[in-house]
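Visitor: Here is a sequence with its predicted model. Questions after.
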Amino acid sequence: MDVTQIASQIAELEGSVWSVWFLAGAALVFWMQAGFAMVETGFTRAKNACNIIMKNLMDFCIGTIMWFLIGASFMLSYTDPVTGDVSRGIWSVIGKPNFSVFSQYATFDFSNFVFNLVFCATTATIVSGAMAERTKFSSYCLYSAIISAVIYPIEAHWVWGGGFLAQWGFHDYAGSNCIHMVGGICALIGAWMEGPRIGKFNRDANGKVTKVNAFPGHNITIGALGVFILWLGWYGFNGAAATDVPTLGSIFLTTTVAPAVATFTTMVFTWIKYGKPDVSMCLNASLAGLVAITAPCDVTDCAGAAIIGLVAGFLVVLGVWLLDYKLHIDDPVGAVAVHGLNGIWGTLAVGLFATESAPGFELAGITEGVFYGGGFSQLLKQLGGMGITICWTVVTITIVFLIIKKTLGLRVTKEEEIIGLDKLEHGLDSSYAGFSISYSEEEIAEAREFGVDIPGGNGVAGGSPVPATKPATLNSSMHKVVIITRQNKFEALKNALNAVGISGMTVSNVMGCGMQKGKSEYYRGVPVTINLLPKIKVEVVVSKVPVDTVVEAAKKALYTGHIGDGKIFVYPVDSVVKVRTGESGYDALQDSE
């Protein structure tokens with residue numbers, strides 16, 4: 001075997017390795033669907049968790065169907081069989097529709113098909129977060145399908161399918177423009193047209209917003225898990241198209257530096273602005289930094305990535321504030337600030353921070369950015385390409401939403417929104433089996449305002465015949481004692497009550513605050529005016545044991561001398577009926593004391 005043959009085999013092996021990495025990167029991008037699902041679920045309320053999981057699942061499934069039917073044809077490049085020209089004329093604007101995945105499967109480019117499919121699904125997923133908790137599931141499936149079939153493939157063709165923007169010199173390596181900005185714009189228009197969740201904004205008689213209300217996410221831990229999944233997947237998102245080790249290494253570096261700096265920036269900024277570092281904002285900032293570095297990840301260096309991340313960290317906080325306090329658009333997860341604003345920033349960053357020292361610069365075929373001596377040429381191309389993409393997205397998604405709004409309707413009913421989409425859209429009481437869904441005071445007030453019955457406990461059918469109730473007589477010696485205190489004091493309280501002869505009690509976990517109303521905190525820059533704290537509520541009814549004895553035992557067990565020791569409420573009880581035996585009054589209590 002001569003040197004030429006050895007070199008050829010090494011080159012072939014190297015090509016195979018990069019082909020495998022290309023598909024492995026696609027698998028990482030698919031895994032990002034789990035990250036999006038976790039972030040959106042954690043940042044919203046528990047009563048809609050199943051609905052959100054279902055939407056994120058169907059994003060990919062519906063997107064796949066749309067992709068092999070028509071989306072892939074619209075996006076991927078078309079080579080003229082006569083001239084050999086790629087994407088010229090009309091085909092530089094839209095890919096030529098074809099069904100080669102069915103008719104020419106033996107020679108089909110499987111890897112490229114799958115790789116671009118997983119990116120397509122990401123665009124539709126972004127929209128889900130901004131329109132969460134009030135969108136009809138059927139309408140969501142429809143517009144997700146249209147985004148995957150038409151809106152995304154056509155504009156992505158302009159950049160990655162050999163279209164006119166690529167020929168012009170516009171650069172978006174992995175999707176700040178084509179995926180994140182497009183998804184963010186769709187999210188912004190959808191959230192605006194749909195309107196805010198019930199109770200998000202207080203308005204006066206003239207309709208002017210007087211107060212912004214916080215809806216804290218029900219599981220920030222799940223949200224954080226989602227961010228870590230997304231960060232891991234982003235190494236495939238940005239790096240899968242690399243074909244040499246230096247470029248891949250540089251992409252990994254910039255994909256790590258930008259989100260890290262963005263997160264640190266947001267931590268410091270929110271710490272200064274709100275008095276404490278905001279956890280959910282910092283999680284958003286990690287994603288914002290990843291979005292911003294996506295377009296320039298192959299052509300910038302470490303310093304450029306750090307500055308890009310720094311700006312992204314400020315942008316995400318300002319973006320959330322802008323939507324809440326100025327535009328009054330309700331975005332539960334910060335999708336517009338993360339993907340829309342930072343998609344724009346990342347696209348422009350190519351024209352500012354591209355440098356020939358980056359390993360991927362030569363292959364990109366662009367000019368250096370403004371801050372590296374390249375002038376404004378590339379920045380103008382980025383502005384032009386971005387502007388065209390924005391116009392396409394705004395027009396198409398507005399038409400789609402208007403048609404759906406006039407036909408199917410975008411929004412669920414007030415009853416469905418207040419009770420929760422899990423219950424009325426999917427027939428599930430809770431995403432967390434064995435745990436009931438609790439409703440805030442605001443949600444209860446909204447239910448009363450709109451005449452909605454919030455579900456309570458369910459009756460139990462069957463069993464023995466109900467025994468006749470013995471005549472009840474008033475007995476002023478019976479009292480109900482309700483004790484509300486810290487959760488960590490329950491064991492001491494239970495032991496104290498047992499010691500004085502009380503063995504029967506009802507215990508429940510509750511949320512509450514005293515007259516001091518807790519300390520005001522901020523969630524995503526919005527004041528949480530009443531800080532409800534977890535408490536334990538113990539209820540007992542006594543007759544044989546003197547009520548004063550019970551109260552003194554409870555006071556002794558709970559007392560520390562600090563705010564939050566709790567309160568004891570004593571009520572006279574007219575009568576008690578034991579359902580099983582029909583006994584009433586004193587007799588009904590004797591096996592529980």
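Guide: In hand now; what should we look at? Residues are numbered from 1 along each chain as shown.

Visitor: Please report the distance of Y571 from I185.
Guide: Applying Cβ to Cβ, to the nearest Å, the value for Y571 to I185 is 58 Å. All C-beta atoms are positioned from the backbone trio N, CA, C, and that covers glycine.

Visitor: for T413, same thing?
Guide: With Cβ to Cβ as the criterion, T413 and I185 are 28 Å apart.

Visitor: G561 too?
Guide: For G561, the distance to I185 equals 57 Å [Cβ to Cβ].

Visitor: With neighbour numbers in mind, choose between the two.
Guide: Set G561 next to I185 and count neighbours by other Cβ atoms under 10 Å: I185 wins out with 25 against 5.

Visitor: by contact count, what packs against the strand or helix carrying the more buried one?
Guide: Assigned by DSSP states H and E, I185 falls within helix 182-194. Other helices and strands packing on helix 182-194, by 3 or more Cβ pairs under 8 Å, 6 or more residues apart in numbering; DSSP states H and E, are helix 110-130, helix 335, helix 342-353, helix 377-406.

Visitor: weakest of those helices by average pLDDT?
Guide: Among the helices and strands packed on helix 182-194, helix 110-130 has the lowest mean pLDDT, at a mean of 92.

Visitor: Distance from that one to the middle of the chain?
Guide: On the basis of Cα atoms, centre = their mean, to the nearest Å, helix 110-130 sits 16 Å off its chain's mean C-alpha point.

Visitor: gap between the two ends of stretch 128-141?
Guide: 10 Å (Cα to Cα, to the nearest Å).

Visitor: buried stuff in it?
Guide: Buried residues in stretch 128-141, counted by 16 or more other Cβ atoms under 10 Å: 128-136, 139-141.

Visitor: With distance to G190 as added columns, please give those in CSV.
Guide: As requested, the buried residues of stretch 128-141 are exported to CSV (distance: Cβ to Cβ, whole Å):
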residue, distance to G190
S128, 9
G129, 10
A130, 6
M131, 5
A132, 11
E133, 13
R134, 11
T135, 8
K136, 12
S139, 10
Y140, 10
C141, 14
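
Visitor: Going by distance to I404, which of those residues wins?
Guide: In terms of Cβ to Cβ, no member of those lies closer to I404 than S139, at 5.1 Å.

Visitor: Now the closest one: which helix or strand?
Guide: In this assignment (DSSP H and E), S139 forms part of helix 137-146.

Visitor: helices or strands next to the helix or strand following that helix in the packing?
Guide: With elements assigned by DSSP H and E, the helix or strand that comes after helix 137-146 is helix 152-160. In terms of contacts (3+ Cβ pairs under 8 Å, 6+ apart), helix 152-160 is packed against helix 72-75, helix 110-130, helix 164-168, helix 377-406.

Visitor: what about W158, how many neighbours?
Guide: By the criterion of other Cβ under 10 Å, W158 has 27 neighbours.

Visitor: separation between the residue nearest to it when sequence neighbours are not counted and V395?
Guide: Spatial nearest neighbour of W158, chain neighbours left out: L165 (4.1 Å); criterion: Cβ to Cβ, 6 or more residues apart in numbering. Per Cβ to Cβ, L165 is found 17 Å from V395.

Visitor: now M193
Guide: For M193, the distance to V395 - Cβ to Cβ - is 14 Å.

Visitor: Could you do M267 as well?
Guide: 39 Å.

Visitor: which one of those two has more residues nearby?
Guide: Comparing M267 with V395 by other Cβ under 10 Å, the one with more neighbours is M267, at 17 against 11.

Visitor: mean confidence for the top strand by length along the chain?
Guide: Counting residues, the longest strand found in the chain (DSSP state E) is strand 533-542. Mean pLDDT, computed over strand 533-542, is 86.

Visitor: Tell me the first helix or strand C-terminal of that strand.
Guide: With elements assigned by DSSP H and E, the helix or strand that comes after strand 533-542 is helix 547-558.

Visitor: Just the buried positions in that next one, please.
Guide: Per 16+ other Cβ under 10 Å, helix 547-558 contains these buried residues: 547, 550-551, 553-554, 557-558.

Visitor: Can I get it in PDB? Just the C-alpha atoms.
Guide: Presented in PDB, the C-alpha positions along helix 547-558 are these (Å, rounded to 0.1, in the frame of the first residue of the first chain):
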ATOM      1  CA  VAL A 547     -59.900  23.600  75.700                       C
ATOM      2  CA  ASP A 548     -57.600  25.700  77.900                       C
ATOM      3  CA  THR A 549     -55.400  22.700  78.500                       C
ATOM      4  CA  VAL A 550     -55.000  22.200  74.700                       C
ATOM      5  CA  VAL A 551     -54.300  25.900  74.100                       C
ATOM      6  CA  GLU A 552     -51.700  26.100  76.800                       C
ATOM      7  CA  ALA A 553     -50.000  22.900  75.500                       C
ATOM      8  CA  ALA A 554     -49.800  24.400  72.000                       C
ATOM      9  CA  LYS A 555     -48.500  27.700  73.200                       C
ATOM     10  CA  LYS A 556     -45.800  26.100  75.200                       C
ATOM     11  CA  ALA A 557     -44.700  23.900  72.200                       C
ATOM     12  CA  LEU A 558     -44.700  26.700  69.700                       C
END
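
Visitor: what is the rounded mean pLDDT of that helix?
Guide: 90.

Visitor: got the contact list for it?
Guide: With contact meaning Cβ atoms under 8 Å, 6 or more residues apart in numbering, helix 547-558 is reached by 479, 481, 483, 485, 489, 492-493, 495-497, 499-500, 502, 540, 542, 565-566, 568, 570.

Visitor: repeat for stretch 237-257
Guide: Contacts to stretch 237-257, defined as Cβ under 8 Å, 6+ apart, come from residues 18, 21-22, 24-26, 28-29, 32, 115, 119, 122, 173-175, 234-235, 290, 293-294, 296-298, 300-302, 304-306, 309, 358-360, 363.

Visitor: Next: stretch 425-432.
Guide: Residues contacting stretch 425-432 (Cβ under 8 Å, 6+ apart): 41, 46-47, 49-51, 53-54, 136-137, 412, 416, 422-423, 436-437, 455.

Visitor: Please, where are all the strands along the stretch 201-350 of the chain?
Guide: Secondary structure of the stretch 201-350 of the chain (DSSP state E, counting those that start in this stretch): strands at 201-203, 209-212.

Visitor: elements contacting the last one?
Guide: Judged by 3+ Cβ pairs under 8 Å, 6+ apart, the packing partners of strand 209-212 are strand 201-203.

Visitor: tell me the mean pLDDT over the strand it packs on?
Guide: Strand 201-203 comes out at a mean pLDDT of 93.

Visitor: One more: stretch 318-332?
Guide: Stretch 318-332 carries an average pLDDT of 97.

Visitor: distance between the ends of it?
Guide: 15 Å.

Visitor: from the chain's centre, how far out does it sit?
Guide: Distance, centroid of stretch 318-332 to centroid of chain: 16 Å (Cα atoms, centre = their mean).

Visitor: Okay then, goodbye and thanks.
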